[in-house]
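In: give me a model of this one.
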Amino acid sequence: MKQITSEFDRFYYNAEIKNSRTGTHFFPSVTHILDSAPVPQQLVKWWKNLGHYSTDFMNHASDIGSLVHHCCGEMVKSKFGWSGEKIMEYFYETYGYKLSESDLIFTKRCLMGFMAWNAEMKEKYGKGFKILKSEYQTCSDDYAGTIDLLIEIDEKKITVDLKTSKAIRDNHERQVESYRRSDGADLGATLRLGAERAGLSNYSFDIVKTASKQNKLWAEFQAIKEVFYLTAKAEPTTEEFAELFKL
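Out: Have a look, this model is predicted:
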């Protein structure tokens, strides 16, 4: 599959199958679908307080999150080791601006958290813990996405989504459940990485274990998906421009 991302939306193009709703080869990403969910009032208040700066803040937070995801993925897939210098070099080459000292510290905390989580899982479950895959795509009948990790604990497969936010929100759990269903895993989990200051835990790992909660999250995702297909354009946004601009 090919990921198609713009400032307006994110889709996946799957040449092998068609979207069951639209009959096209385009599949909206899970995160794009979840943007149709009601926005929490506290987040609305935060947006109003920051004004137009909120967009810059969110874009930068997204860059840091993508950086952490990439670093963790490379640690798993190629056993690559990240120094502070390598982190800053990759960030500048990818995003075109320098990583601040505070953001570098936060990124290091995230990677320390990822290492600590991996070590704890190995200590707790021994050979019963395995990381099977990282950063791979999944496609369902009418949505698609990228799964951060597929792990195994005592022969149960678990899809894991990495987060660098301050807290795990409802949409994060809905996202994990949609990935679990698409991929056919037994369980879904979130792994929140990073801490706002020294002395706090650099990770928290939460598995959705009960069928009742899985079903609740799935029903909520399905409802949001219905709203998305009723109100949003189900294909990537495109623009056409004249070859010559002249009056």
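In: for residue 117, give me its contacts.
Out: Applying C-beta atoms under 8 Å, 6 or more residues apart in numbering, one finds that residue 117 lies in contact with 191, 193, 203, 205. (C-beta placed from N, C-alpha, C; glycine too.)
In: and the closest residue to residue 209 other than its chain neighbours, what pLDDT?
Out: If you skip the residues right next to it in sequence, residue 209 has residue 187 as its closest partner in space, 6.6 Å away by C-beta to C-beta, 6 or more residues apart in numbering. pLDDT recorded at residue 187 is 97.
In: looking at strand pairing, list the partners for residue 187.
Out: In this structure, residue 187 has the following beta-bridge partners (DSSP bridges): residue 158.
In: wait, doesn't residue 12 sit right on residue 19?
Out: No: taking C-beta atoms under 8 Å as the definition, residue 12 is not a contact partner of residue 19, at 9.8 Å.
In: common neighbours of those two, please.
Out: Common neighbours of residue 12 and residue 19 are listed as 26-27 (criterion: C-beta under 8 Å, 6+ apart).
In: now for this structure, the helix or strand with the poorest mean pLDDT.
Out: Considering only helices and strands, the least confidently modelled element of the chain by mean pLDDT, DSSP states H and E is helix 41-50, at a mean of 55.
In: tell me the first helix or strand C-terminal of that one.
Out: Moving toward the C-terminus from helix 41-50, the first helix or strand encountered (DSSP states H and E) is helix 53-77.
In: list the buried residues for the following helix or strand past that following helix?
Out: On the C-terminal side of helix 53-77, the nearest following helix or strand under DSSP H and E is helix 84-95. Going by neighbour count (16 or more other C-beta atoms under 10 Å), the buried part of helix 84-95 is 87-88, 90-91.
In: adding distance to residue 110, write those out as JSON lines.
Out: What follows is those, written out as JSON lines (distance: C-beta to C-beta, whole Å):
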{"residue": "87", "distance to residue 110": "10"}
{"residue": "88", "distance to residue 110": "15"}
{"residue": "90", "distance to residue 110": "14"}
{"residue": "91", "distance to residue 110": "13"}
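In: show me which pair in those residues is furthest apart.
Out: The two members of those with the most space between them (C-beta to C-beta) are 88 and 90, at 7.5 Å.
In: can you give me the helices for this structure?
Out: Secondary structure of the chain (DSSP state H): helices at 30-34, 41-50, 53-77, 84-95, 101-125, 170-183, 211-231.
In: which of these has the lowest average pLDDT?
Out: Out of the helices of the chain, helix 41-50 stands lowest, with a mean of 55 (criterion: mean pLDDT).
In: which residue packs closest to residue 148, ignoring adjacent ones?
Out: In space, and not counting its chain neighbours, residue 148 is closest to residue 162: 4.5 Å by C-beta to C-beta, 6+ apart.
In: around that neighbour, how many other residues sit close by?
Out: Other residues near residue 162 number 22, with proximity taken as other C-beta atoms under 10 Å.
In: okay but it is in contact with residue 69, surely?
Out: Yes: because the distance of 5.7 Å satisfies C-beta under 8 Å, residue 162 is recorded as touching residue 69.
In: mutual contacts of those two, please.
Out: residue 148.
In: need the phi and psi values for residue 97.
Out: Main-chain dihedrals, residue 97, degrees, to the nearest 10: phi -150, psi 160.
In: and the contacts of stretch 77-86?
Out: Among residues not part of stretch 77-86, those counted as contacts by C-beta under 8 Å, 6+ apart are 71, 74-75, 104, 108, 111, 134-135.
In: kindly recompute the last result at 10 Å.
Out: The set of residues that contact stretch 77-86 without belonging to it, under C-beta atoms under 10 Å, 6 or more residues apart in numbering, is 70-75, 89-90, 99, 101, 104-105, 107-108, 111, 131, 133-136.
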